[in-house]
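A.B. asks: Just a sequence and a predicted model for now, questions to come.
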Amino acid sequence: MSSIRSVIIPAAGWGTRLLPASQSVPKELLPIYDRPAIEWVVEEALASGIERVIFISARGKSSILDHFDRHPLLESILQRSGHEAWAQRIADRNRSADFIEIRQGEALGLGHAVLCGEPCIQEEYFAVMLPDDLYLGEPPALGELIALHEEKGGCVLGLHTVERQQSRQYGMVAGEQISAHQWRLEDMVEKPQPEESPSCQAITGRYLVHRSLFDILRSQNRGALGEIQLTDGLRRLAQEGLFHGLVPRAARFDSGSALGLLIASLAQGLKSKDAAALRHAIEELTSS
Ligand code: UTP
């Protein structure tokens with residue numbers, strides 16, 4: 001059994017980068033190949049041993065939780081029309097974890113969204129997954145973070161290597177490299193200029209943190225619009241205790257942009273039963 005049982009998935013953002021697709025459909029439900037983006041994220045969580053999934057959602061986004069609910073009418077229609085396997089899939093998905101929704105009434109930042117999940121977290125350590133960072137393939141990215149936590153203790157952050165010029169777009173970490181894919185972290189800097197970036201390792205949307213983060217976020221200074229920044233809280237955690245960073249081996253995609261969503265769909269399609277037909281279609285499209 002995994003030592004980490006709960007994950008908070010902040011999904012209350014507006015998804016402006018995906019407009020107009022995300023205007024009336026939560027971006028987390030836009031498809032990647034044959035299923036909503038959020039289902040891939042939840043599959044990664046379950047494969048990593050997670051048993052409780054807490055969605056931080058917002059007005060108009062309850063369909064995210066609906067996707068993981070039972071659907072008696074659809075299930076009976078599927079059963080009667082010879083699609084028992086599809087009906088079973090709905091039931092199995094619902095039983096695979098406890099799914100909980102908490103509303104974030106106002107979008108007051110990622111740190112605030114994580115804080116909204118506090119009433120559902122009973123354990124010392126818990127996970128946070130940002131659904132825009134999509135990891136496809138083996139081993140499950142969150143599972144690698146959990147394994148490192150079990151080996152060395154403390155908090156663990158997902159990292160991805162970027163060109164130094166891109167540091168302005170990311171939270172970047174400072175620390176000591178301890179193996180090919182692992183770092184011991186000392187500090188983090190939000191969107192530094194390339195020449196000031198302490199490394200080429202950017203923070204990605206997988207975190208394994210101690211619950212003292214909640215107290216840190218609660219007492220943190222708020223931004224001009226009242227937002228609570230998650231990176232500020234993580235920074236305090238890194239300065240106070242043991243914190244590692246790890247570059248997961250699974251392929252990473254940005255499902256918060258139209259291009260990233262399309263690339264992830266193609267990558268997944270090329271691994272599917274439709275691979276040959278997809279290759280043929282790509283050849284036709286690119287040869288004309
Ligand atoms: P972003 O600000 O990067 O994404 O938040 P967004 O708002 O969803 O999308 P864009 O940038 O407008 O296209 C990162 C993650 O934090 C969540 C978002 O849902 C996303 O998963 N978030 C952000 C919240 O849950 N609440 C917030 O107040 C802010």
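C.D. replies: Structure's in. What do you need?
A.B. asks: elements contacting the helix or strand bottoming out on mean pLDDT in the chain?
C.D. replies: None of the helices or strands of the chain scores lower by mean pLDDT, DSSP states H and E than helix 230-240, at a mean of 91. Contact here means 3 or more CB pairs under 8 Å, 6 or more residues apart in numbering; DSSP states H and E; on that basis helix 230-240 packs against helix 110-116, strand 155-161, strand 182-190, strand 201-210, helix 212-219. Just so you know, the C-beta spots here come from the backbone N, C-alpha and C atoms, and that holds for glycine as well.
A.B. asks: List the buried residues of that helix.
C.D. replies: The neighbour-count check on helix 230-240 (16 or more other CB atoms under 10 Å) flags 230, 231, 232, 233, 234, 235, 236, 237, 238 as buried.
A.B. asks: What is the subsequent helix or strand relative to that helix?
C.D. replies: strand 243-246 (DSSP states H and E).
A.B. asks: For that next one, give me every contacting residue.
C.D. replies: The contact list for strand 243-246, computed with CB atoms under 8 Å, 6 or more residues apart in numbering, reads 144-145, 148-149, 152, 154-159, 173, 175, 178, 181-186, 201, 237.
A.B. asks: Make a ChimeraX selection of the buried ones in the residues you listed.
C.D. replies: In ChimeraX syntax, the buried subset of the contacts of strand 243-246 is picked out as below (16+ other CB under 10 Å):
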select :144,145,148,149,154,155,156,157,158,159,173,175,182,183,185,201,237
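A.B. asks: Now for residue 242, how many residues are close by?
C.D. replies: Using other CB atoms under 10 Å, residue 242 has 15 neighbouring residues.
A.B. asks: wait, doesn't it sit right on residue 156?
C.D. replies: No - contact criterion CB atoms under 8 Å: residue 242 and residue 156 do not qualify, at 9.5 Å.
A.B. asks: Adding distance to residue 169, write the buried residues of helix 230-240 out as JSON lines.
C.D. replies: Putting the buried residues of helix 230-240 into JSON lines (distance: CB to CB, whole Å) gives the following:
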{"residue": "230", "distance to residue 169": "16"}
{"residue": "231", "distance to residue 169": "13"}
{"residue": "232", "distance to residue 169": "18"}
{"residue": "233", "distance to residue 169": "20"}
{"residue": "234", "distance to residue 169": "17"}
{"residue": "235", "distance to residue 169": "18"}
{"residue": "236", "distance to residue 169": "23"}
{"residue": "237", "distance to residue 169": "23"}
{"residue": "238", "distance to residue 169": "20"}
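A.B. asks: biggest separation within the residues you listed, which pair?
C.D. replies: 230 and 238 (12.4 Å; CB to CB).
A.B. asks: Show me what from the protein comes close to the ligand.
C.D. replies: Proximity of the chain to the ligand (CB under 6 Å from any ligand atom) is limited to residues 10-18, 56, 104, 107-110, 112-113, 130-132, 256.
A.B. asks: ok, now which ones touch the closest residue to residue 86 other than its chain neighbours?
C.D. replies: Of all residues not flanking residue 86 in the chain, residue 78 sits nearest, at 4.7 Å (CB to CB, 6 or more residues apart in numbering). By CB under 8 Å, 6+ apart, residue 78 lies in contact with 84, 86, 87, 90.
A.B. asks: Okay, buried residues for the strand or helix carrying the third one please.
C.D. replies: Element membership of residue 87, judged by DSSP H and E, is helix 84-95. Residues of helix 84-95 classed as buried under the neighbour-count rule (16+ other CB under 10 Å) are 87, 90, 93.
A.B. asks: ok, now stretch 11-21?
C.D. replies: For stretch 11-21, by 16+ other CB under 10 Å, it's 11, 12, 13, 15, 18.
A.B. asks: Need those in TSV (columns: secondary structure, pLDDT and distance to residue 277).
C.D. replies: Output for these, formatted as TSV (DSSP: H, G, I helix; E, B strand; the rest coil; pLDDT from 0 to 100; distance: CB to CB, whole Å):
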residue	secondary structure	pLDDT	distance to residue 277
11	coil	98	32
12	coil	97	37
13	coil	93	35
15	coil	91	30
18	helix	96	27
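A.B. asks: re earlier: possible to save the helices and strands packed on helix 230-240 as TSV with mean pLDDT?
C.D. replies: Formatted as TSV, the helices and strands packed on helix 230-240 follow (pLDDT from 0 to 100):
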stretch	mean pLDDT
helix 110-116	97
strand 155-161	97
strand 182-190	94
strand 201-210	97
helix 212-219	96
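A.B. asks: And the ones you listed: which comes nearest residue 286?
C.D. replies: strand 155-161 (28.0 Å).
A.B. asks: Many thanks, we can stop here.
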